[in-house]
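Novice: Based on what follows, work out the 3D shape:
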Amino acid sequence: MPLLLAATTGFQLSDAFFAFVIAAILLLLGRLIRQKLRILRQLYIPSSIVAGLLALLLGPQVLGQLMSPDSPWAEGLFAPDILQVWRESPGVFINVVFATLFLGEILPSPREIWRKAAPQVAFGQTLAWGQYVVGLLLGVLVLTPVFGLSPIAGTLIEIAFEGGHGTAAGMAETLTELGFPEGGDLALGLATIGIVSGIVSGILLANWGRRKGLIRSARLEADATAEVYGVEREHPDWVAARERLTSDLLIDPISLNLGFVGLAVAFGWLILEALKGFERLTWGGEGGLTILGYIPLFPMALVGGILVQLLLRRLRLEPLVMRSLMERIGGVALDITIITALASISLTALGANLVPFALLALLGIAWNVLAFMVLAPRMIPEFWFERGLGDVGQSMGVTATGILLLRMVDPQNRSGAFESFAYKQLFFEPIVGGGLFTAAAPALVVQLGAVGTLLLTGALLLFWLAFGLLVTGRRSRRTLGEG
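Specialist: All right, here's what the predicted structure looks like:
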């Protein structure tokens with residue numbers, strides 16, 4: 001019989017409790033399946049994705065459809081209340097994921113970050129705006145006139161590929177409010193295709209690069225001092241300072257860091273409400289242009305996290321935040337987001353839009369690979385292969401995919417690509433890849449039209465193309481020549 005079949009009407013805390021207990025068990029089963037199936041390990045498919053797909057298979061849309069209406073399993077293994085908790089979970093936990101992104105990081109000066117990361121910022125932004133352009137073009141020319149799909153469909157490549165499962169799940173409610181309810185399911189499906197194709201194409205490109213001798217870091221002597229695999233995480237003096245600050249607090253470190261996450265989300269909510277209020281008082285009055293009103297909370301939670309980190313620095317309380325704990329908190333929240341989002345994806349919506357779904361996926365993959373082979377060497381010619389491959393991995397899956405591909409081609413970080421890749425996120429995540437523009441893009445399509453949004457994103461694509469080719473590309477070539 002379905003688990004927890006005896007459900008009552010209204011919200012019950014026990015429903016949420018058992019929903020997450022079941023999700024945790026599914027995660028363990030996903031880990032077991034991943035270890036048993038070699039193909040999943042070779043593709044580096046996370047256990048959370050396996051668990052989410054397992055939940056989908058055991059739910060009403062697959063197992064339930066295979067059973068007769070009189071069977072006790074006609075609705076799958078999970079009670080309706082459990083499924084309802086799962087449906088509402090992605091939009092909640094994605095806020096925690098984004099709030100933890102920069103909490104506990106040592107944030108260098110913007111000038112120092114820009115100096116190291118400018119070429120990758122230009123290339124990463126080019127990839128993102130290009131995904132909007134090719135997606136909106138496909139929507140204007142094919143998806144809307146031929147298949148009758150909402151013009152918002154043109155934004156799904158960037159939402160799913162750059163944003164990943166978390167952003168796709170977090171945007172589902174906004175897409176529904178804008179009259180595109182199937183958009184959330186299509187975005188989740190595209191995110192799954194993106195992460196698999198990102199890893200597969202990344203492996204193929206890495207092997208091609210080795211054969212062609214394009215991986216310069218493999219020919220360099222390992223730098224014994226190159227120990228930085230990302231943004232500097234913790235100052236050596238912080239351990240002693242943390243012990244001094246927490247000696248009288250009588251609070252568990254995890255609880256303390258969860259408090260900072262809550263503060264970051266609260267800051268983000270206050271900022272979002274202030275922006276919505278400002279919009280209502282200005283251009284978004286009665287019958288006016290509404291954009292900020294459709295932005296979900298999670299990109300503002302990211303901004304809130306940065307503000308909390310800066311506030312703690314100002315108060316000299318930075319050591320209280322432990323980056324390792326923030327990564328664990330964000331990791332758990334992301335696992336819950338992915339499992340519950342995939343468990344509640346609508347296969348009916350995917351089946352009804354199979355051809356548009358395939359066209360979006362193929363066009364997104366083609367753009368990313370073409371941009372890497374044509375634009376990356378012209379924008380970031382100094383270790384362009386290593387640095388560009390990391391950006392391609394991120395643009396087709398998640399940040400972890402980019403790091404994975406970087407480690408495949410430069411495990412010793414001889415190119416310095418890890419540091420540049422990490423710094424790039426400070427200029428990237430707040431805008432695209434789940435940032436402010438990602439959140440606002442569907443509303444822009446509704447308000448400005450697909451053509452208007454296409455012109456806007458096309459102009460931004462041209463700007464970053466010109467900046468990457470004429471500024472960072474030339475500077476990188478000059479630096480390379482002087483070296």
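
Novice: Residue 139: what's it in contact with?
Specialist: Applying C-beta atoms under 8 Å, 6 or more residues apart in numbering, we find residue 139 in contact with 149, 151, 153, 154, 450. C-betas here are computed from N, CA, C, even on glycine.

Novice: In three-state terms, label it for me.
Specialist: The three-state label given to residue 139 by DSSP: H, G, I helix; E, B strand; the rest coil is helix.

Novice: Show the pLDDT at it.
Specialist: Here the pLDDT value assigned to residue 139 is 96.

Novice: What distance do you get for it to residue 92?
Specialist: 30 Å (C-beta to C-beta, to the nearest Å).

Novice: And residue 33, by the same measure?
Specialist: Residue 33 is 27 Å from residue 92, by C-beta to C-beta.

Novice: swap in residue 355?
Specialist: 33 Å.

Novice: ranges for the helices of the stretch 1-150 of the chain?
Specialist: 13-36, 38-42, 47-57, 63-66, 80-88, 90-99, 110-138, 144-147 (DSSP state H, counting those that start in this stretch).

Novice: Let's have the ones you listed in TSV, adding mean neighbour count and distance to residue 191.
Specialist: Formatted as TSV, those follow (neighbours: other C-beta atoms under 10 Å; distance: least, C-beta to C-beta, whole Å):
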stretch	mean neighbour count	distance to residue 191
helix 13-36	16	17
helix 38-42	11	17
helix 47-57	23	9
helix 63-66	14	23
helix 80-88	20	17
helix 90-99	26	11
helix 110-138	23	13
helix 144-147	13	21
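
Novice: Dump the ones you listed into TSV; add distance to residue 158 as well.
Specialist: Shown next, in TSV, are the helices of the stretch 1-150 of the chain (distance: least, C-beta to C-beta, whole Å):
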stretch	distance to residue 158
helix 13-36	27
helix 38-42	27
helix 47-57	20
helix 63-66	32
helix 80-88	24
helix 90-99	16
helix 110-138	4
helix 144-147	17
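
Novice: Which among those is found nearest to residue 415?
Specialist: helix 110-138 (11.4 Å; C-beta to C-beta).

Novice: Show me how far that closest one is from its chain's centre.
Specialist: Centroid separation for helix 110-138 versus its chain: 15 Å, with C-alpha atoms, centre = their mean, to the nearest Å.

Novice: tell me what that helix is packed against?
Specialist: helix 156-157, helix 354-374, helix 376-379, helix 384-395, helix 417-428, helix 436-467, helix 473-482 (3 or more C-beta pairs under 8 Å, 6 or more residues apart in numbering; DSSP states H and E).

Novice: what's near enough to touch the closest residue to residue 284 other than its chain neighbours?
Specialist: Residue nearest to residue 284 in three dimensions, not counting chain neighbours: residue 290, with 4.8 Å by C-beta to C-beta, 6 or more residues apart in numbering. For residue 290, the contacting residues are 279, 284, 443, 447, by C-beta under 8 Å, 6+ apart.

Novice: Point out where the protein drops to low pLDDT.
Specialist: Counting by pLDDT under 70, the chain shows low-confidence ranges at 1-11, 218-250, 287, 397-400, 473-483.

Novice: doesn't the residue nearest to residue 284 fall inside a helix?
Specialist: No. Under three-state DSSP, residue 290 sits outside any helix and is assigned coil.

Novice: Pop the domain breakdown of this protein in here.
Specialist: 13-88, 98-221+229-482 (automatic domain parsing).

Novice: and among those, the most buried is which?
Specialist: domain 98-221+229-482 (a mean of 20; mean count of other C-beta atoms under 10 Å).

Novice: Please identify which of the contacts of residue 139 is nearest to residue 160.
Specialist: residue 153 (11.0 Å).

Novice: Pretty sure the closest one sits in a helix.
Specialist: Yes. Under three-state DSSP, residue 153 sits within a helix.

Novice: wait, it sits on residue 359?
Specialist: No. Between residue 153 and residue 359 there is no contact under C-beta atoms under 8 Å: 9.7 Å.

Novice: what residues are shared contacts of those two?
Specialist: residue 143.

Novice: between the helices of the stretch 1-150 of the chain, which gets nearest to residue 369?
Specialist: helix 110-138 (10.6 Å).

Novice: That closest one vs helix 384-395, what angle?
Specialist: 60 degrees (axes from the mean of the first three to the mean of the last three C-alpha atoms, to 10 degrees).

Novice: Skip the chain neighbours and tell me the closest residue to the most centrally placed residue in the chain.
Specialist: In the chain, the C-alpha nearest the mean C-alpha coordinate belongs to residue 163, at 3.4 Å (C-alpha atoms, centre = their mean). Of all residues not flanking residue 163 in the chain, residue 434 sits nearest, at 4.2 Å (C-beta to C-beta, 6+ apart).

Novice: What of residue 208?
Specialist: residue 214 (8.0 Å).

Novice: circling back: so the residue nearest to residue 163 belongs to a helix, correct?
Specialist: No. Counting by three-state DSSP, one finds residue 434 to be coil, located in no helix.
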